[in-house]
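> Sequence and computational prediction follow.
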Amino acid sequence: MISKDDVRYVAHLSRIHLQDQEVERLSKDLENILHYVEKLQKVDINNIKQTTHVLPLKNVFREDVVRTSLKQGEVKGLTQNWQSDSFKVPQVIE
Amino acid sequence: MTLNTLTAHELFDLIKAKQTNTKSIQAALLDQIQKTDHKVKAYVRVFENGETASAPETGIPIAIKDNICIKNTETTCASRILKGFKPPYDATVIKKLRNAGTSFIGHVNMDEFAFGSSTENSYYGPTRNPWNLDCVPGGSSGGSAAAVASHEAIWALGSDTGGSIRQPAAFCGVVGLKPTYGRVSRYGLIAFASSLDQIGPITKDVTDCALLLNIIAGHDEYDSTSAEMAVPDYTRALLKDVKNFKIGIPKEYFIEGLDPEIKSAITAAIENLKKQGATFKEMSLPHTEYAVATYYIVATAEASSNLARFDGVQYGLREQPFPARRTPLIDMYEETRDKGFGAEVKRRIMLGTYALSAGYYDAYYLRGQKVRTLIKNDFDKIFEECQAILTPTAPTTAFKIGEKSSDPLSMYLSDIYTISANLAGIPAISIPCGFAKNGLPIGLQIMTKPFDEETLLRIAYTYEQNTDWHKRKVSL
Amino acid sequence: MNDFETVIGLEVHLQLKTATKIFCGCANLFGQTPNSQTCPVCLGLPGTLPVLNRKVLLYALKVAMALNCQVNSFIKFDRKNYYYPDLPKGFQISQYDLPIAREGFVLVKGKEAVRKVGITRAHLEEDAGKLIHDPAANCSLVDYNRTGTPLIEIVSEPDMRGPQEAYDYLTALKLTLQYLDVSDCDMEKGSLRCDANVSIRPKGEIKFGTKVEIKNMNSFRAVKSALEFEESRQQKLLLAGNKIVQETQLWNEDKQATFSMRSKEEAHDYRYFPEPDLVPFVVDESFLKDVADTLPEAPLKKWERLVNDYGLSDYDAQIIISDKKLADFFEESSRLFIELPSTHQNSKSLPEDIDAREERFGVGKEKLNKETKKIANWIIGPLQQELNSRKVGVESVALKPKDFIILIGKVEDGTLNNLRGKEVLALMLDTNTGPEEIIAKKGLAQVSDTATLENIINDIIRENESTVTQIKQGKDSAIGFLVGQAMKKTQGKANPKLVGEMIKRRLLNV
């Protein structure tokens, strides 16, 4: 059901690098799990709405009133990779 | 009798009578941790100075699961990828605890990102069950339950997405409550599955559970999914009276795979409650067999999206492979997440991504959410007739460390009794109801309809006060 | 080249100017120090959750209605999942299958006619951060101030058939949105961004050609230039027998050309699913009606009305409606002006109905047109000049329509000449006083007293014999020179029209 190529593709979608033996193991694991969840296909879901929210809440807002932001120093404190007031990342090639 | 072996309500009484204070309690706990945590390994971070309260410290120090943000304190979800991450803000429950004068003893262990039922998936290594150090404490809130059971904590906060409070509570012989979805704010809880997660108390007895729920429950303007319902005083539900309560027993929960000793313990508990005036009726939750499958599609899908932010850009681990493989940026993402996530996390992210991906969304995620509706409807129907539902919490007692870790699917199936409550959003509690011959605790689960924690606590309290399982203390 | 038809659709991203961001309380400001306008929520830190800003929804509904859209009364958000450093959560909260608005249109006034350009959909989403590339240091830098800015994305139908139409559509759209006062609509500041989709097909062909996406245009003019370039590029390709590749092209403003983006990866799988952290929003009929009631008159409607009711020319109307506050100023001024008998000010409120006014004041449509033309000229000319030099809009100066009308009246009745009139206007704006006070204070009243003027003219004639001779010989234009001399002698106070007439009578007996 799920090939090694599928696993590599999904790994890339998930941005996780996998070693070859991991690809091997994961395709077995996922195969087993997907096989187990196949039973869901047997359920009659005709005319059934999906449950996106289990509470019947609607229209939750906040008012357009300013709250204090974090100071730049607090933001800088999150990272070791900082330059010119910004988070530094490897160059993004467009 | 050392201070740390008492319950919170006993300690509150002592504090009120000026016979002890927070500092002494803290000291006793730190002392216990020093003595026994090298065996139990419940704590990942101990706050020697007790992370502070804002109100005068009249509260009882608490242990916090490592996925709840404490300001300027390393919070890692037991994952390498969050190494060094110090959130610049408090979770709402932490704020509430501070306002109630509570100080924090430390962060306790968990399965990485709450993915697991045994606390074996932690970057810091497994926590052990205080009743048998070769066994798991359950998961994912294994650290919380083990700390409370071993008296290294008076009480603790855990989180529950598919049973992660209740199952470890059962395995460790303590009380664990998953509130109604929306009862407690999720702001500051590092998300696993947004539509299923709840923070809840893990305590030594039901009274403590009510006390802690009083503090943490309530609407939060920072959480759109938190309910506006008023918070009652849950201690008023601590009544020894279940006369005329009608309790349903779902037949689908008493099938093959359930440990016979657990079955007897539950049966005895039912008899006990019958003597207190409750009536029981066999009922059906027909879609029970689909609960685990539904959960592992819906929860992993949401999780795959919630964990996308762990990418090395702003905080935590950042790795770069050498030699380069693709572009520098993609390499950084892929290497960071490869080195930062454990095997179970990778597995669930992959599964969740797959369930949402083009071509599979309808067959998996959408279908899963529809079956979820059917599961919820099953409960709604029962609650038209019964006030509560009673089941075992887990199909077995605590298994040995390493026993299930090579078979993910069998690990998932140990959540079989707890998962449905998360899918339906209803409150559920696990309380001790006996011990197996191997000396390991057995847990009993009670579920009620949304926002009816009072009925839950009442039935639990009545049973508890007619037994003395909660008085049995482990010796390490 | 004319065998092809160009098909254009535009996607506009509009930043809404609420006080705070869409899901958190950070101030919604432009141009701040990097990473100083953020909080755990818009940084996407673990454990944080979004809560919708009520005003954002209100503004979005206004936009939806102003664009004549069907409004979805059930509003939900979805997650759009992808990885990029400016997207801290690894997903963008957006709307996928149930956008807030669908199936609308914008009326676009082109050179010839008014066209309808369809709006496919409009939806709400949060903006991402800003990414700057530093190739020298081999890195990129991320500023998260902009994450969480509320955006509304407006997608047009592929209804435009050429770059000029696209330009006109953008102009009309911007004007419509400016009237709502929900956004600065400023492409330079980034509060309005535009991407284009363009394809070509043989004339008469129904099927669409392969479409190319164009990004990185920073002004409406750039959009037009980019579309012209792209249109030509595609035509050349097809004529040479090549295929158009479906891709994204970036517009390079310096080179005035589009360039293919380095091969982007496979098409994104965004794995959309409903946002579990936000509950749905339901807007009922009465709320929608309340919002509809607050909508201002649409620009084109105002245009029609100014032309029909106030007799403005198409051209004048176009200029005046391009600024809503200016249009309001024009209307108020016109109403007061027409009400006024020749010398009096202070009117009670104007009769709404023009017929009633005609009855009361005997102002027929022709006279009306003449009167409003004067006001339009004063607004488009002197007033606009003053506003431009002060770099403000009419709402920022303390100019009352009443005083404006009085000033125009003073020029009309000869108290001031045109030049003086403009000076008084400037003084009115500078000192915040009424025209009569200024005229009195500065003694600026025009000299129209014929006796005084006679004396001056006598002097001028005596002093400019050669010019006088030229005039008597038929050189009419030299009269202007003498008038100029009279103005000099009177420090600009003489009534130039009268002086001119008097000179003509004296020298030519006319």
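Arrived safely.

> name the helices or strands packed onto the helix of greatest length in chain A?
Ranked by residue count under DSSP state H, the longest helix found in chain A is helix A:20-37. Packed against helix A:20-37 by the contact rule (3 or more CB pairs under 8 Å, 6 or more residues apart in numbering or on different chains; DSSP states H and E) you find helix A:4-13, helix B:291-306, helix B:343-356, helix B:408-413. Heads up, the C-betas are built off the backbone N, CA and C, glycines and all.

> Residues touching the strand or helix carrying C:L498, excluding its own?
Using DSSP states H and E, C:L498 maps to helix C:496-508. If you take CB atoms under 8 Å, 6 or more residues apart in numbering or on different chains as the criterion, helix C:496-508 is touched by C:414, C:417, C:448, C:450, C:453-454, C:456-457, C:460-461, C:468, C:471-472, C:479-480, C:482-483, C:486-487, C:510.

> Buried only: go through those for me.
Among those, those classed as buried by 16 or more other CB atoms under 10 Å in any protein chain shown are C:417, C:448, C:453, C:456-457, C:460-461, C:468, C:471, C:479, C:482-483, C:486-487.

> Where does pLDDT dip in the chain?
Just so you know, I chose chain A. For chain A, the stretches with pLDDT under 70 are A:94.

> if you could check chain B rather than the one you did, that'd help
B:1, B:50-57.

> Can you tell me which residue of it sits closest to chain C?
B:A308 (2.6 Å; CB to the nearest CB).

> Ramachandran coordinates for that residue?
phi -70, psi -20 (degrees, to the nearest 10).

> can you pull the contacts of it?
Contacts of B:A308 by CB under 8 Å, 6+ apart are A:15, C:81, C:83, C:89-91.

> how deep is the residue nearest to B:V93 when sequence neighbours are not counted tucked in, by neighbour count?
Excluding the flanking residues, the one nearest B:V93 by CB to CB, 6 or more residues apart in numbering or on different chains is B:I216, at 4.6 Å. Residues near B:I216, counting by other CB atoms under 10 Å in any protein chain shown, number 22.

> check contacts around residue 80.
All of this is about chain A. By CB under 8 Å, 6+ apart, the contact set of A:Q80 is B:R318.

> My question was about chain C, not that one.
C:91-94, C:96, C:125, C:270, C:272.

> pLDDT at it, what is it?
C:K80 is assigned a predicted lDDT (pLDDT) of 97.

> For it, which three-state class applies?
Secondary structure, DSSP: H, G, I helix; E, B strand; the rest coil: C:K80 is strand.

> Tell me the spacing between it and C:R271.
According to CB to CB, to the nearest Å, C:K80 stands 8 Å off from C:R271.

> How about C:K391?
On the measure of CB to CB, C:K391 and C:R271 end up 48 Å apart.

> Compare the two (neighbour count), which wins?
Each of C:K391 and C:R271 has its neighbours counted (other CB under 10 Å); C:R271 has more, 25 against 7.

> The more buried one contacts C:G90, correct?
No - using CB atoms under 8 Å, C:R271 is not in contact with C:G90; the gap is 10.9 Å.

> what's the overlap in contacts for those two?
Shared contacts of C:R271 and C:G90 (CB under 8 Å, 6+ apart): B:305, C:81.

> how long is stretch B:62-78 from one end to the other?
18 Å (CA to CA, to the nearest Å).

> Out of the contacts of C:K80, name the ones that lie in strands.
C:91-94, C:125 (DSSP state E).

> For those, which entry has the maximal number of neighbours?
C:F91 (23 neighbours).

> and B:A291, what does it touch?
Taking CB under 8 Å, 6+ apart, one finds B:375, B:416, B:419-420, B:423 in contact with B:A291.

> just those that are near chain C?
Among the contacts of B:A291, no residue lies close to chain C (CB under 8 Å from any CB of the partner chain).

> Need these in JSON lines (columns: neighbour count).
Converted to JSON lines, the contacts of B:A291 look like this (neighbours: other CB atoms under 10 Å in any protein chain shown):
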{"residue": "B:I375", "neighbour count": "23"}
{"residue": "B:I416", "neighbour count": "24"}
{"residue": "B:I419", "neighbour count": "25"}
{"residue": "B:S420", "neighbour count": "32"}
{"residue": "B:L423", "neighbour count": "29"}
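
> Nearest residue to the residue in chain A that chain C sits nearest to in space, please, no chain neighbours.
Of all residues in chain A, A:R67 sits closest to chain C, at 2.9 Å by CB to the nearest CB. Using CB to CB, 6+ apart and skipping residues adjacent in sequence, the residue nearest A:R67 is C:G25, 2.9 Å away.

> Validate this expectation: C:R121 resides in a helix.
No - secondary structure of C:R121 (three-state DSSP): strand, not part of a helix.

> where are the low-confidence patches of the stretch 301-450 of chain C?
Using pLDDT under 70, the flagged stretches of the stretch 301-450 of chain C are C:339-368, C:444.

> Let's see that with 50 instead.
For the stretch 301-450 of chain C, residues meeting the criterion pLDDT under 50 lie at C:340-354, C:361.

> could you pull out the strands for it?
Assigned strands in the stretch 301-450 of chain C: none (criterion: DSSP state E, counting those that start in this stretch).

> Up against chain B, what does chain C have?
For chain C, the contact set with chain B under CB under 8 Å from any CB comprises C:40-41, C:43-52, C:79, C:81, C:83, C:85, C:88-91, C:140, C:142, C:269, C:271-273, C:276-279.
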